[in-house]
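In: Fold the following and give me the result.
(one chain, ligands or ions: 1)
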Amino acid sequence: MLIRNATLADGRHRDVRVAGEDIETVGHGVERCDGERVVDATGKRLLPGMVDVHVHLREPGFEHKETWETGTRSAAVGGVTTVVDQPNTRPPTVEGPAFDRKRSHADDALVDFGINGGVTEHWDPDSLFDRPLFALGEVFLADSTGEMGIDESLFVDALERARQEGVPVTVHAEDESVFDHSARERTDADAWSAYRRADAEIRATRRACALAADRDTRVHIAHASTPESIDAAARTASTCEVTPHHMLLSRRHLDELGTHGRMNPPLRRERHRRKVFERVVDGTVDVVATDHAPHTRQEKDAGIWDAPSGVPGVETALPLLLAQARQGTLGFDRVRDLTARNPAAIFGLPRKGGIEEGNHADLVLVDTDDVEHIRATDLHTNVGWTPFEGHEAVFPEWTMCRGQVVYRRGRDSFEPHQGENVRRENSDR
Ligand SMILES: [Zn+2]
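Out: Next up is the predicted model:
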């Protein structure tokens, strides 16, 4: 396929030839080959597919929430071409056989994927590292969904082991000892934000970054929701990600969202949200990742102390960012860096994250005039709701994964495709 006259994230106009799974040529006036399909991309943006390093696909164990099939379809619609699954499934991915079981489900993936290994008291690093792991994470320096919280000494063990193995560690940082228990008397949705106060995250993030720096290594801070946490990571060699919900939603949305707005870390005050957004724009934040954490409506409709934490997001992240870019609040080149280039570089993914000759043809074509309002009923996640109902979004016209168009928006149709593990797999095991 020859994609003609596309506008890249940095505004340059280029022709892009896709041959097999790869980007073969990026240039000007590229001649059409015999029989080659030509796509006129004049006036449209061509971006690298999103590498979402924080997704909970729920299978095995919680298939009523999401599966590898539904979750990766949802990803493809949103322009995500690589997802990284987290370990709090049942069984949790904390030892080799659990990894193998999850890996067999991942055969249903429509897009490429990585599988993270978890750290709990019961983890077995030897058998885990015998598998093609993506990274360690998310390691909970706090109790969270799936009861996978760990203490500091185990965290330090995990840091050491990850350094030996040459893989990153993604950290969920919230210090439970500073939660505000007086908020537990309340029953409104905002009580969750009051309870899991910002200081709990700031303190745990600073600690995680310091522990890593002491060992001459780094961590990747998951879903930073406060400006102080982002700055703490930026002061060390550590990196951080921000979710679209912490960029775009705040406590003032909780009246409307109710328990559907409960997640960890929780939504913060509007003035903090603005400072988080500023740091996304100015380059202090390294990555946007979704923390796609689907639960059914029925589960979410419980009281604030009983509803599970987490919101779906893999389908709406890039479209929301593209709508911001269209409005001029965020550059298209920043969107590319946050969603593709930086995650690929931080997690060491060769041939992902950019439109360059020799890279995988993981691409999205976007018509930025095609603005939609997000509607839950149009989404492809199994759970059928979103915290972004009514928000402006620009969905990709199509999404290509390793040279194959896997989703077309006009027809709302998927093409069969086999996602691959982004970490090399031994054929002899
Ligand atoms: Zn998570």
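
In: pLDDT of the helix ranked longest in the chain, averaged?
Out: Secondary structure of the chain per DSSP state H: the longest helix is helix 198-214. For helix 198-214, mean pLDDT rounds to 95.

In: Name the residues of stretch 382-396 that are buried.
Out: Neighbour counts over stretch 382-396 (16 or more other C-beta atoms under 10 Å) mark 382-383, 385-389, 391-396 as buried. For the C-beta atoms, the positions are set from N, CA and C on the backbone; glycine is no exception.

In: er, stretch 369-380 actually
Out: Buried, per 16+ other C-beta under 10 Å, within stretch 369-380: I374, A376, L379, H380.

In: what comes into contact with it?
Out: The contact list for stretch 369-380, computed with C-beta atoms under 8 Å, 6 or more residues apart in numbering, reads 70, 73-74, 77, 312, 315-316, 319-320, 323, 326, 384-386, 388-395, 397.

In: Among the residues you listed, which are located in helices?
Out: Counting by DSSP H, the members of those that fall within helices are T70, R73, S74, V77, P319, L320, A323, R326.

In: And stretch 372-384, end to end?
Out: Stretch 372-384 has its terminal residues 17 Å apart, counting by C-alpha to C-alpha, to the nearest Å.

In: Now tabulate the buried residues of stretch 369-380 in JSON lines and tack on distance to V51, secondary structure and pLDDT.
Out: Shown next, in JSON lines, are those (distance: C-beta to C-beta, whole Å; DSSP: H, G, I helix; E, B strand; the rest coil; pLDDT from 0 to 100):
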{"residue": "I374", "distance to V51": "22", "secondary structure": "coil", "pLDDT": "98"}
{"residue": "A376", "distance to V51": "25", "secondary structure": "helix", "pLDDT": "98"}
{"residue": "L379", "distance to V51": "21", "secondary structure": "coil", "pLDDT": "98"}
{"residue": "H380", "distance to V51": "19", "secondary structure": "coil", "pLDDT": "98"}
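
In: Looking at these, which is nearest I3?
Out: Closest approach to I3 among the buried residues of stretch 369-380 (C-beta to C-beta): H380, at 24.7 Å.

In: Just the pLDDT at the spatially closest residue to that closest one that is not a sequence neighbour, thanks.
Out: Ranked by C-beta to C-beta, 6 or more residues apart in numbering and with sequence neighbours excluded, the top spatial neighbour of H380 is S74, at 4.4 Å. In this model, S74 is scored at 98, pLDDT.

In: And the helices in this structure, which stretches?
Out: Using DSSP H, helices in the chain cover 68-77, 96-105, 125-128, 152-165, 191-195, 198-214, 227-235, 244-248, 254-257, 270-282, 297-300, 317-327, 332-336, 342-346.

In: So for D112, which of those sits nearest?
Out: helix 68-77 (9.1 Å).

In: now for the closest one, which elements pack on it?
Out: Applying 3 or more C-beta pairs under 8 Å, 6 or more residues apart in numbering; DSSP states H and E, we find helix 68-77 packed against strand 50-55, strand 80-85, strand 398-401, strand 404-408.

In: what number of residues lie near G348?
Out: 14 (other C-beta atoms under 10 Å).

In: List the contacts of it.
Out: Applying C-beta under 8 Å, 6+ apart, the residues near G348 are P168.

In: Apply 6 Å and report the result again.
Out: The contact partners of G348, by C-beta atoms under 6 Å, 6 or more residues apart in numbering, come to none.

In: still on that earlier bit, out of the ones in helices among the contacts of stretch 369-380, flag the one nearest to V139.
Out: S74 (25.4 Å).

In: My read is that F277 contacts H245, right?
Out: No. With contact defined as C-beta atoms under 6 Å, F277 does not count as touching H245 (11.9 Å).

In: neighbour-wise, which of these two wins?
Out: Shown here are F277 and H245; by other C-beta under 10 Å, H245 has more neighbours (27 against 19).

In: Now do the same for the more buried one: its pLDDT.
Out: Reading off the model, H245 has pLDDT 98.

In: again with I304
Out: For I304, pLDDT reads 97.

In: returning to what we had before: reformat the buried residues of stretch 369-380 into CSV and put distance to R351 next to each item.
Out: Below are those laid out as CSV (distance: C-beta to C-beta, whole Å):
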residue, distance to R351
I374, 31
A376, 35
L379, 30
H380, 27
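
In: quick one: which of those is nearest W305?
Out: Using C-beta to C-beta, these come closest to W305 at A376, 24.7 Å.

In: Check the gap between that closest one and W68 for me.
Out: 21 Å (C-beta to C-beta, to the nearest Å).

In: who's in contact with the residue lying closest to A109 once chain neighbours are set aside?
Out: Spatial nearest neighbour of A109, excluding adjacent residues (C-beta to C-beta, 6+ apart): G419 at 3.3 Å. Counting by C-beta under 6 Å, 6+ apart, G419 makes contact with A109, L110, V111, D112, F113.

In: can we see that at 10 Å?
Out: 68, 72, 75-76, 81-83, 106-113, 401-402, 406 (C-beta atoms under 10 Å, 6 or more residues apart in numbering).

In: Can you flag the buried ones in these?
Out: 68, 72, 75-76, 81-83, 106, 108-113, 401-402, 406.

In: coming back round to it: would JSON lines of the ones in helices among the contacts of stretch 369-380 with neighbour count be doable?
Out: JSON lines is the format used below for the ones in helices among the contacts of stretch 369-380 (neighbours: other C-beta atoms under 10 Å):
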{"residue": "T70", "neighbour count": "21"}
{"residue": "R73", "neighbour count": "23"}
{"residue": "S74", "neighbour count": "28"}
{"residue": "V77", "neighbour count": "27"}
{"residue": "P319", "neighbour count": "25"}
{"residue": "L320", "neighbour count": "22"}
{"residue": "A323", "neighbour count": "23"}
{"residue": "R326", "neighbour count": "19"}
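
In: out of these, which one sits closest to R207?
Out: L320 (31.2 Å).
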